[in-house]
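Peer 1: Below is the structure, and that's it, no one-letter string:
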């Protein structure tokens with residue numbers, strides 16, 4: 001198999017080179033710095049870059065800078081293919097933070113504002129659904145998918161641009177027998193469904209949280225063993241960018257983007273206690289993330305990559321449904337392959353768990369639209385097959401359910417991207433001087449945007465790339481672009497001057513929900529009854545308090561407050577029992593997650609009565625580190641909720657303190673800002689709005705309508721008078737015209753002698769007829785012509801809200 005690359009610069013030539021930030025040289029042996037390719041290609045690389053007619057070498061192009069567009073000619077298996085690529089500006093937004101450490105432990109922080117945007121994405125001409133994803137940071141590395149049956153990885157070392165290009169078929173990249181271990185399962189059942197999204201970039205047709213673009217702000221942390229594998233920091237940075245690009249490629253069909261906001265390298269020693277047990281390592285890493293990393297580097301998820309192996313067959317671990325949690329949104333991953341594809345697929349798997357995706361069911365119940373053979377889905381439990389390149393239909397349905405359940409509210413924030421070298425119409429980014437950018441002519445589907453000029457078409461107010469634009473017109477500021485989904489959600493309204501809906505806001509932690517049975521935590525309502533129904537189906541309810549407390553205080557497979565790092569069950573204290581394993585009754589005979597491995601029944605006596613209790617041991621898989629526990633925020637007593645698996649005062653969440661700033665006329669949102677009731681002004685809800693916007697406008701419109709009606713009436717009366725006088729002057733001819741449609745029932749006006757020219761009138765003097773012709777059907781102005789438009793600023797935005805409910809009160813253990 002031969003592959004030749006002919007690089008052709010697209011709409012722009014190469015820009016001027018930008019220096020990289022100063023990076024440490026950690027040192028290391030030559031063997032440690034070179035990664036061994038899985039399969040070399042027999043043959044040489046034809047190193048040619050075509051700029052119009054001149055031909056330059058690949059090395060010259062990389063030395064003079066990175067173009068914003070590329071056209072690459074690929075020769076695969078004797079066939080020639082042209083791919084069109086464009087820089088991925090979403091991958092490295094703003095100024096990504098690069099962190100490393102000096103030998104004495106001093107932290108060095110560099111904002112990578114000069115970080116080269118060396119990663120590209122695109123497709124292959126003539127192959128619908130194809131994709132190309134590669135980076136030129138140091139040589140060439142990336143992925144080419146021509147069809148489900150023809151997929152390749154490309155690798156070309158930075159110091160050997162004239163040597164062979166390393167090409168591997170995806171079918172040949174069989175990984176060792178490894179598995180994933182999610183820390184605990186989510187209550188998000190998956191089910192079969194149609195192929196909702198394909199390989200190609202989707203266009204947002206619906207306007208809801210499922211189809212709005214989500215952005216995962218990702219931080220990758222490399223432990224000391226990983227740093228020793230890639231001792232040159234630039235080499236480690238390049239590999240991280242290449243992995244992040246593949247992550248973004250995997251998630252794009254789900255309308256989820258991945259943005260690398262930081263890279264931290266533990267250059268001389270690890271900052272946490274390392275362990276070959278993934279559960280122990282995950283617990284240590286999440287604690288460090290919460291107390292150290294998150295306060296200084298805001299992000300949505302942090303992934304630790306280690307250069308050593310876990311004990312057993314596992315390659316990673318994460319916590320289900322944790323993506324926006326400051327306590328649990330993270331994962332640990334083993335760099336188990338020199339191929340970036342294998343590592344990226346594993347990290348995508350753990351990110352999938354954080355987004356609420358469970359392992360795919362075996363067999364054909366979860367088809368994957370990725371390359372053949374069929375076992376190539378990212379969420380497969382085992383990786384002793386092809387590395388996953390796509391998410392199955394089950395994963396896509398699970399993500400949709402998770403988003404509708406309130407998971408991922410932090411992913412709707414828009415990030416600033418790196419400033420472009422020069423504006424480029426067609427790159428899908430609205431650059432300075434552009435009003436819109438819908439891509440190249442063959443991919444633009446926006447009727448509001450001129451893809452040749454990147455300007456709005458005549459008469460268009462906006463581009464149809466957001467929910468606040470419809471038929472090229474902006475929705476007014478009062479139009480609801482994202483409705484309230486549940487107790488812990490807040491509605492969002494269009495700003496009136498943009499096509500984009502504001503970020504998705506939720507009620508703040510500690511705000512009551514479910515009629516006081518729980519409080520909101522990370523945008524979710526943690527009602528115990530709802531958790532039971534998510535596990536056992538409709539009709540399920542919490543178990544009797546005595547059954548619940550007895551099981552969870554024993555500390556075994558039937559009831560506990562979780563597992564310790566060594567795997568033993570931790571018994572709950574009586575006061576914390578409700579914060580342990582879920583104990584439910586009624587509902588389905590089989591759970592929606594896992595299967596019943598064992599059943600224990602016992603008769604308990606209390607206060608002279610006997611109670612039949614039954615407990616189950618759920619089999620969730622050997623790789624699950626935690627049982628199903630009550631969610632944080634579950635009410636466990638009057639003014640008490642579950643925090644860190646303990647029953648603690650709800651005031652620790654700070655909701656009451658935040659709510660006091662709203663002066664009784666609003667609630668706190670997830671940004672700790674007041675969401676004011678209608679009629680009260682932000683930011684503190686202390687000032688009552690004057691009823692000038694809607695009331696006054698309505699009064700003025702009513703008066704204007706009345707004036708128009710009066711004018712219409714006066715005009716009609718005046719026309720009738722003129723018509724009557726004309727009839728009096730013209731006599732019979734007027735009677736004939738008037739009698740044609742409807743003959744009058746009453747006698748016409750009395751006949752008068754008409755004065756002939758040159759004679760004098762013998763009767764009273766009459767005014768002459770009008771010199772100008774009468775208007776036909778005179779009309780007044782329609783009142784709608786005076787209504788304010790959506791963008792004229794005459795409408796005041798009043799965001800509706802709901803008053804703050806009273807603090808939750810739970811009178812007993814039984815909710």
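Peer 2: Sure, I can see it. Every value quoted in this text rests on a predicted model; they were computed, and no experiment measured them.

Peer 1: how much space between the residue nearest to residue 250 when sequence neighbours are not counted and residue 362?
Peer 2: In space, and not counting its chain neighbours, residue 250 is closest to residue 348: 4.7 Å by CB to CB, 6 or more residues apart in numbering. Quick note: C-beta positions are derived from backbone N, CA and C, even for glycine. Using CB to CB, to the nearest Å, one gets 20 Å for the distance from residue 348 to residue 362.

Peer 1: which one of these two has more residues nearby?
Peer 2: The neighbour count for residue 348 versus residue 362, taken as other CB atoms under 10 Å, is higher for residue 348 (27 against 11).

Peer 1: Name the helix or strand for that one, please.
Peer 2: Using DSSP states H and E, residue 348 falls within helix 340-354.

Peer 1: which other helices and strands contact that helix?
Peer 2: With contacts defined as 3 or more CB pairs under 8 Å, 6 or more residues apart in numbering; DSSP states H and E, helix 340-354 has these neighbours: strand 179-180, helix 233-251, strand 301-306, strand 314-318, strand 330-334.

Peer 1: helix or strand right after the first one?
Peer 2: The helix or strand immediately downstream of strand 179-180 is strand 214-222, counting by DSSP H and E.

Peer 1: For the helix or strand following that following strand, give the mean pLDDT please.
Peer 2: Sequence-wise, the next helix or strand downstream of strand 214-222 (DSSP H and E) is helix 224-229. Taken as a whole, helix 224-229 has a mean pLDDT of 95.

Peer 1: Check stretch 237-245 too.
Peer 2: 93.

Peer 1: Please apply the same query to stretch 572-580.
Peer 2: On average, the pLDDT along stretch 572-580 is 95.

Peer 1: End to end on that stretch, go ahead and measure it.
Peer 2: In stretch 572-580, first residue to last residue: 7 Å (CA to CA, to the nearest Å).

Peer 1: So which residues of the stretch 351-500 of the chain form strands?
Peer 2: 449-450, 455-456, 469-470, 473-474, 480-482, 492-493 (DSSP state E, counting those that start in this stretch).

Peer 1: Deepest-packed of the ones you listed, please.
Peer 2: The highest mean neighbour count among the strands of the stretch 351-500 of the chain, using mean count of other CB atoms under 10 Å, belongs to strand 449-450: a mean of 22.

Peer 1: I'd like to know which elements it is packed against.
Peer 2: With contacts defined as 3+ CB pairs under 8 Å, 6+ apart, strand 449-450 has these neighbours: strand 455-456.

Peer 1: what comes into contact with the strand it packs on?
Peer 2: With contacts defined as CB atoms under 8 Å, 6 or more residues apart in numbering, strand 455-456 is touched by 434, 435, 436, 448, 449, 450, 462, 463, 472.

Peer 1: now the helix holding residue 348 and strand 314-318, what's the angle there?
Peer 2: Angle, helix 340-354 to strand 314-318, by axes from the mean of the first three to the mean of the last three CA atoms, to 10 degrees: 40 degrees.

Peer 1: just the angle between helix 340-354 and strand 214-222, please?
Peer 2: 120 degrees.

Peer 1: on that earlier part again, include distance to residue 573 and mean neighbour count when you put the helices and strands packed on helix 340-354 into JSON lines, please.
Peer 2: Below are the helices and strands packed on helix 340-354 laid out as JSON lines (distance: least, CB to CB, whole Å; neighbours: other CB atoms under 10 Å):
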{"stretch": "strand 179-180", "distance to residue 573": "33", "mean neighbour count": "22"}
{"stretch": "helix 233-251", "distance to residue 573": "41", "mean neighbour count": "25"}
{"stretch": "strand 301-306", "distance to residue 573": "31", "mean neighbour count": "26"}
{"stretch": "strand 314-318", "distance to residue 573": "27", "mean neighbour count": "28"}
{"stretch": "strand 330-334", "distance to residue 573": "28", "mean neighbour count": "28"}
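
Peer 1: would you turn the ones you listed into JSON lines with distance to residue 378?
Peer 2: JSON lines is the format used below for the helices and strands packed on helix 340-354 (distance: least, CB to CB, whole Å):
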{"stretch": "strand 179-180", "distance to residue 378": "10"}
{"stretch": "helix 233-251", "distance to residue 378": "6"}
{"stretch": "strand 301-306", "distance to residue 378": "15"}
{"stretch": "strand 314-318", "distance to residue 378": "12"}
{"stretch": "strand 330-334", "distance to residue 378": "13"}
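
Peer 1: List just the one of the ones you listed that sits closest to residue 67.
Peer 2: Residue 67 lies closest to helix 233-251 among the helices and strands packed on helix 340-354, at 16.7 Å (CB to CB).

Peer 1: List the neighbouring strands of the next helix or strand after the closest one plus their orientation.
Peer 2: Heading C-terminal from helix 233-251, the first helix or strand you meet, by DSSP H and E, is strand 256-265. Within its sheet, strand 256-265 is paired with strand 97-101 (parallel), strand 214-222 (parallel), according to DSSP bridges.

Peer 1: quick revisit: how much space between the residue nearest to residue 250 and residue 124?
Peer 2: As judged by CB to CB, residue 348 and residue 124 stand 22 Å apart.

Peer 1: What residues does the residue lying closest to residue 590 once chain neighbours are set aside make contact with?
Peer 2: What sits nearest to residue 590 in space, not counting adjacent residues and going by CB to CB, 6+ apart, is residue 596, at 6.8 Å. Counting by CB under 8 Å, 6+ apart, residue 596 makes contact with 590, 616, 617, 618, 619.

Peer 1: May I have the phi/psi pair for residue 596?
Peer 2: phi -80, psi 120 (degrees, to the nearest 10).

Peer 1: Look at it and report its pLDDT.
Peer 2: pLDDT, residue 596: 85.

Peer 1: Over to the one 5 residues further on?
Peer 2: Confidence at residue 601, expressed as pLDDT, is 91.

Peer 1: Pretty sure it sits against residue 614.
Peer 2: Yes - with contact defined as CB atoms under 8 Å, residue 601 and residue 614 form a contacting pair (4.6 Å).

Peer 1: If you count surrounding residues, which of the two has more?
Peer 2: Taking neighbours as other CB under 10 Å, residue 601 and residue 614 compare with residue 614 leading, 14 against 8.

Peer 1: so the more buried one touches residue 598, yeah?
Peer 2: No - the pair residue 614 and residue 598 does not pass the contact test of CB under 8 Å, sitting 11.2 Å apart.

Peer 1: How about the contacts made by residue 117?
Peer 2: 66, 87, 88, 89, 91, 92, 418.

Peer 1: ok, these vs residue 506, which is closest?
Peer 2: Comparing the contacts of residue 117 against residue 506 with CB to CB places residue 91 closest, at 27.2 Å.

Peer 1: and that closest one, how many neighbours?
Peer 2: Here the count is done by other CB under 10 Å, and residue 91 has 26 residues near it.
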